[in-house]
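K.L.:
Sequence first, predicted model second:
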Amino acid sequence: MPQSTQNGARHVVTANDGLKLRSGPGKDFPSKSVLGTGTEVLVLAREGEWAEVDVDGNGVADGFMFAEHLRAVDAGAPAPAAPSAAPPPALASYTPDKVRRMFPATPLAAIQANLPHVLAGLAAHGLTDKPMVLMALGTIRAETAGFKPIDEGKSRFNTRNTPFDLYEPGTGPGRRVGNTQPGDGARFKGRGYVQLTGRDNYTNIGRQLGVDLVANPALANDPATAGMILARFIKNKEAAVRAALARKDLGQARKLVNGGSHGLVEFKDAFHKGEAAL
């Protein structure tokens, strides 16, 4: 039986490549997901070297994690941001010079500054194989060709009279992304490498990463956080994305992330260039 510990004690993941959440207290139990470095969890109990944890903060155990790679957080102290100084070993071959071939109009300096954050997010979520790396990089090419996290710009697709009013509650786009309060359109406009949009996405992805994106939406443009968001968004759709890529259906792969075909030409161009260059 697990030994009780301080109920709901806050801990953060310290493993450089993220930490697996398993269905039971041992490496023989299947992995349910991988939580990135800096992700906060609540430790409910201990069983030997394993901690029983609550990921969603609802008081219900979600699985077990290897306790050695969890660090207690003092009450009131924020969880540290995920570091991303150098490419994780599994992704060391993805250098800025090679990745730049997928971004012909992008300054190398922007790729050098942001690529480590993107690769750290992918490593933390177990997305280190070539198809999923190309999926992530192609998504960046389609969403922010400058290879840096940015705010969504105003356009006829999101603005009629006031900025982002087409995302407001009561509109079709607003309902689709879960906007429920006046001002949500601008508050939860697209941000980051993946252009995270809408209250639902900010709430769900933030909860999964242990970051309060609803209270501070601008965090989605922090490069380290944006790298985690991009990877987590793809991870949530991993099975369907992998199936589409296996069929060579890049249109469907793009739609799973974007919801449509916006940026499809750029996505395909980057993906094919990456297949040849990486």
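P.N.:
Ah, there it is. Numbering: from 1, shown residues only.
K.L.:
Surely residue 21 is within a strand?
P.N.:
Yes: according to DSSP: H, G, I helix; E, B strand; the rest coil, residue 21 belongs to a strand.
K.L.:
And the pLDDT for it?
P.N.:
What the model reports as pLDDT for residue 21 is 90.
K.L.:
give me every residue that touches residue 205.
P.N.:
196, 213, 229, 232, 233, 236 (C-beta atoms under 8 Å, 6 or more residues apart in numbering). Backbone N, C-alpha and C define where each C-beta goes, glycine included.
K.L.:
I'd like those residues written out as TSV, with pLDDT and distance to residue 163 added.
P.N.:
Converted to TSV, the contacts of residue 205 look like this (pLDDT from 0 to 100; distance: C-beta to C-beta, whole Å):
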residue	pLDDT	distance to residue 163
196	96	17
213	93	20
229	96	22
232	94	27
233	95	24
236	94	28
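K.L.:
I'd like the list of these that fall within helices, please.
P.N.:
Among those, the members falling in helices (DSSP state H) are 229, 232, 233, 236.
K.L.:
Quickly name whichever of the contacts of residue 205 is closest to residue 142.
P.N.:
Checking the contacts of residue 205 against residue 142 with C-beta to C-beta, the nearest one is residue 233 at 13.2 Å.
K.L.:
If you drop the residues flanking it in sequence, what lies closest to the closest one?
P.N.:
Distances taken as C-beta to C-beta, 6 or more residues apart in numbering place residue 194 nearest to residue 233, at 5.1 Å, with adjacent residues excluded.
K.L.:
Neighbours of that neighbour, how many?
P.N.:
For residue 194, the number of neighbouring residues by other C-beta atoms under 10 Å comes to 27.
K.L.:
what stretches of the stretch 1-150 of the chain score poorly on pLDDT?
P.N.:
1-8, 73-87 (pLDDT under 70).
K.L.:
residue nearest the centroid of the protein?
P.N.:
Residue closest to the mean C-alpha point of the chain, counted by C-alpha atoms, centre = their mean, is residue 229 at 2.2 Å.
K.L.:
I'd like to know how far that residue sits from residue 97.
P.N.:
In this view, residue 229 and residue 97 are 26 Å apart by C-beta to C-beta, to the nearest Å.
K.L.:
in the stretch 101-250 of the chain, which spans are helices?
P.N.:
Here the stretch 101-250 of the chain has its helices, by DSSP state H, counting those that start in this stretch, at 108-124, 130-143, 172-176, 184-187, 199-209, 223-236, 238-246, 250-258.
K.L.:
winner for burial among these?
P.N.:
helix 223-236 (a mean of 26; mean count of other C-beta atoms under 10 Å).
K.L.:
Who are the packing partners of it?
P.N.:
helix 108-124, helix 130-143, strand 191-192, helix 199-209 (3 or more C-beta pairs under 8 Å, 6 or more residues apart in numbering; DSSP states H and E).
K.L.:
Can I get these in TSV including distance to residue 26?
P.N.:
Converted to TSV, the helices and strands packed on helix 223-236 look like this (distance: least, C-beta to C-beta, whole Å):
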stretch	distance to residue 26
helix 108-124	22
helix 130-143	27
strand 191-192	36
helix 199-209	24
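K.L.:
Between the ones you listed, which one is closest to residue 151.
P.N.:
strand 191-192 (5.8 Å).
K.L.:
how far is the closest one from where the chain is centred?
P.N.:
Distance, stretch centre to chain centre, for strand 191-192: 11 Å (C-alpha atoms, centre = their mean, to the nearest Å).
K.L.:
tell me the average confidence for that strand?
P.N.:
Mean pLDDT, strand 191-192: 96.
K.L.:
about what we covered before: tabulate the helices of the stretch 101-250 of the chain in a markdown table, adding columns for distance to residue 31.
P.N.:
Shown next, in a markdown table, are these (distance: least, C-beta to C-beta, whole Å):
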| stretch | distance to residue 31 |
| --- | --- |
| helix 108-124 | 13 |
| helix 130-143 | 16 |
| helix 172-176 | 31 |
| helix 184-187 | 35 |
| helix 199-209 | 15 |
| helix 223-236 | 12 |
| helix 238-246 | 13 |
| helix 250-258 | 22 |
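K.L.:
Would you tell me which of those gets closest to residue 68?
P.N.:
Comparing the helices of the stretch 101-250 of the chain by C-beta to C-beta, helix 108-124 comes nearest, at 17.1 Å.
K.L.:
for that closest one, packing partners?
P.N.:
Secondary-structure packing of helix 108-124 (3+ C-beta pairs under 8 Å, 6+ apart): helix 96-99, helix 130-143, helix 223-236.
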